[in-house]
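Colleague: The sequence and its predicted three-dimensional model are supplied below.
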Amino acid sequence: MSSYHVLGVTTIWCFSVCMLSLHGVASPTETCVCLKNETSGLYNPIHIEFRGDRYYIAEQRGIVRYFETRDKQAHVLLNISDKVVLTASPADQRGLLGFTLHPRYNTNGRLYVYYIGNSSGLQFSYVSEFTVVDDVALPATERILLRIEQITNAGNAGQLLFGHDGYLYISVGDGVGDDGIPRDHAQDPTSLLGKILRVDVDGQSFMGGAALRYGIPANNPFVDKSPWRPEVFAYGCRNMWRCSQDRVADKDGERRIFCGDPGARTSEEIDVILSGRNYGWNIKEGNDCFDSSKCGNVTIENEALPIYVYRHTNLFHAVVGGYVYRGKTLPDLYGRYLYGDAMTGNISALSEGHGGWTSSPLPVCDQQQCPCDAREQPRDFLLTFGQDEQGEVYILTTSSITAFKDDGVALKIVPSLGEKSVTCGCNRRGESLGVVVLVTLMMSILTGYASLRVEDVDTEDLVY
């Protein structure tokens with residue numbers, strides 16, 4: 001075959017492949033979104049936070065990196081991989097589990113982490129403060145605020161969140177692991193397990209005559225109510241995995257904190273966290289009785305019901321809390337709470353109405369309905385959400401749940417092109433069998449025509 005013939009057939013083939021991506025292969029969905037890859041090569045990213053022209057990503061292996069928004073170049077901010085306890089097992093829920101920057105980070109350089117470590121043969125959750133010098137958080141600056149003994153390798157929670165009030169909220173798991181044995185930590189007033197804690201990292205308090213490395217807010221609900229620990233803000237929590245505070249106040253003037261709490265047997269739940277309230281575990285799971293010896297007809301003291309519950313299925317059984325969308329690029333989502341499921345990567349949106357909260361899926365659009373730079377798909381496992389300073393929402397997802405593979409990505413949720421369809425070169429694959437047959441027929445006809453019209457010149461006879 002001549003070189004011209006090869007070129008002609010190649011051009012025809014490229015044209016035909018492009019035909020596969022024309023409008024009509026898949027119809028657009030009115031409520032779908034697109035995903036733009038912001039950063040890849042991440043190791044089980046568990047948190048993303050935005051400040052000015054940088055964003056910070058914490059990885060379960062014990063490393064926090066920051067990225068310049070302009071060029072996406074990565075730099076290591078903190079490395080405590082030698083302090084965390086973590087194995088390559090996909091079931092290992094330890095390691096670095098939480099990270100956040102002080103509200104005045106730009107002036108005081110203080111950041112906070114929640115990680116699982118060992119001491120004298122025992123396993124603890126550590127909430128620690130580090131100080132950044134010349135864009136590096138030196139391990140030697142660690143100041144341990146809290147050390148909470150953990151009894152299993154799972155159910156350790158780890159959310160760190162500075163609220164609008166300036167206090168640090170800490171989600172501590174109840175320690176229920178894969179053994180499935182129910183424990184009473186979440187209902188125990190003397191334990192910090194299974195609680196949402198609230199402390200003042202800029203203050204100092206005393207307990208039992210000893211100075212604490214943080215202050216106790218005077219309006220914490222159990223201050224001076226023995227035997228309660230004064231750090232407790234809410235209780236009855238199983239393993240609240242990802243919490244956030246709405247940027248906009250509700251009708252009562254409150255900026256609500258939302259958390260997703262994974263279930264044990266049947267249900268996943270989403271809660272709004274209120275001061276002094278009991279979220280039911282391990283008496284209830286979702287809206288159902290979990291321990292019949294405890295619930296029965298007994299009223300649960302200070303009970304707060306979930307705002308939304310969904311059942312376990314073969315696909316859905318690990319809720320990941322998200323954010324109330326407050327961006328501008330997706331007006332239809334404004335005010336809706338975006339959340340997901342860890343085991344599918346699927347995203348959903350909660351809407352609040354007079355009759356309560358309702359959920360609807362938020363699928364990813366067909367690729368032809370997305371901008372050329374926003375045609376990503378979620379990976380197999382959804383780990384967490386993020387929100388930038390403009391209120392836009394991100395998902396952090398991975399195709400390999402082990403913490404030592406760089407399969408994680410940070411994807412920004414962006415709007416689709418609506419009814420408009422765009423072809424981005426000859427690199428799309430069609431999904432319509434009818435179009436495939438049509439294009440194949442066109443290829444045959446055009447290739448035959450090209451073979452009649454192109455002079456057959458042996459490439460060995462060409463002179464350069």
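Modeller: Happy to help now that I have it.
Colleague: Just the CA coordinates for stretch 234-247, please, in PDB.
Modeller: C-alpha atoms of stretch 234-247 as PDB (Å, rounded to 0.1, in the frame of the first residue of the first chain):
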ATOM      1  CA  ALA A 234     -22.700  16.100  71.100                       C
ATOM      2  CA  TYR A 235     -22.700  12.300  71.700                       C
ATOM      3  CA  GLY A 236     -24.200   9.000  70.500                       C
ATOM      4  CA  CYS A 237     -22.000   9.100  67.300                       C
ATOM      5  CA  ARG A 238     -20.700   5.900  65.700                       C
ATOM      6  CA  ASN A 239     -18.000   7.000  63.300                       C
ATOM      7  CA  MET A 240     -19.000  10.400  61.800                       C
ATOM      8  CA  TRP A 241     -17.000  10.500  58.500                       C
ATOM      9  CA  ARG A 242     -16.800  14.000  57.200                       C
ATOM     10  CA  CYS A 243     -18.500  17.000  58.700                       C
ATOM     11  CA  SER A 244     -18.800  20.600  57.400                       C
ATOM     12  CA  GLN A 245     -20.400  23.800  58.400                       C
ATOM     13  CA  ASP A 246     -22.800  25.700  56.100                       C
ATOM     14  CA  ARG A 247     -21.400  29.100  55.100                       C
END
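Colleague: Could you check it and say which residues are buried?
Modeller: Neighbour-count burial for stretch 234-247 flags 234-246 (criterion: 16 or more other Cβ atoms under 10 Å). For every residue, glycine as well, the C-beta is placed using N, CA and C.
Colleague: next one: stretch 301-319
Modeller: Counting neighbours by 16+ other Cβ under 10 Å, one finds that the buried residues in stretch 301-319 are A304, L305, P306, I307, Y308, V309, Y310, H312, F316, H317, A318, V319.
Colleague: Stretch 368-385 too?
Modeller: When burial is assessed from 16+ other Cβ under 10 Å, stretch 368-385 yields the following buried residues: 368-370, 374-376, 378-379, 381-385.
Colleague: Show me which pair in those residues is furthest apart.
Modeller: Across the buried residues of stretch 368-385, no pair lies farther apart than Q368 and T384, at 29.1 Å, counting by Cβ to Cβ.
Colleague: can you list the weak-confidence ranges in the chain?
Modeller: Low-confidence segments of the chain (pLDDT under 70): 1-30, 177-182, 297, 314-316, 425-464.
Colleague: now the residue most central in space within it: how far from Q159?
Modeller: Closest to where the C-alpha atoms of the chain average out (Cα atoms, centre = their mean) is T384, at 1.0 Å. Applying Cβ to Cβ, to the nearest Å, the value for T384 to Q159 is 9 Å.
Colleague: what touches both of those two?
Modeller: Listed contacts common to T384 and Q159 are R242; contacts here mean Cβ atoms under 8 Å, 6 or more residues apart in numbering.
Colleague: How much space separates S120 from R94?
Modeller: In this view, S120 and R94 are 17 Å apart by Cβ to Cβ.
Colleague: Compare the two and say which is more crowded by neighbours.
Modeller: R94 (24 against 5; other Cβ atoms under 10 Å).
Colleague: you'd agree G356 is up against I307?
Modeller: Yes: contact criterion Cβ atoms under 8 Å: G356 and I307 qualify, at 7.3 Å.
Colleague: hang on, the earlier thing: so which of the buried residues of stretch 368-385 are in strands?
Modeller: Here DSSP state E is the test, and these give F381, L382, L383, T384, F385 as lying in strands.
Colleague: before we move on, back to that, would TSV of the buried residues of stretch 368-385 with distance to T141 be doable?
Modeller: Formatted as TSV, those follow (distance: Cβ to Cβ, whole Å):
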residue	distance to T141
Q368	51
Q369	49
C370	44
A374	39
R375	43
E376	37
P378	37
R379	34
F381	33
L382	33
L383	28
T384	26
F385	29
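Colleague: Helices of the stretch 51-200 of the chain, start to end?
Modeller: Assigned helices in the stretch 51-200 of the chain, in chain order: 105-108 (criterion: DSSP state H, counting those that start in this stretch).
Colleague: Over to the stretch 351-464 of the chain?
Modeller: According to DSSP H, counting those that start in this stretch, the helices that the stretch 351-464 of the chain contains are 433-453.
Colleague: what pairs with the residue lying closest to Q73 once chain neighbours are set aside across the strands?
Modeller: Leaving aside its chain neighbours, Q73 sits nearest to F67 (6.7 Å; criterion: Cβ to Cβ, 6 or more residues apart in numbering). Taking DSSP bridges as the rule, F67 bridges to Y55, A74.
Colleague: Distance-wise, check F67 relative to L274.
Modeller: F67 is 35 Å from L274, by Cβ to Cβ.
Colleague: again with V84
Modeller: According to Cβ to Cβ, V84 stands 32 Å off from L274.
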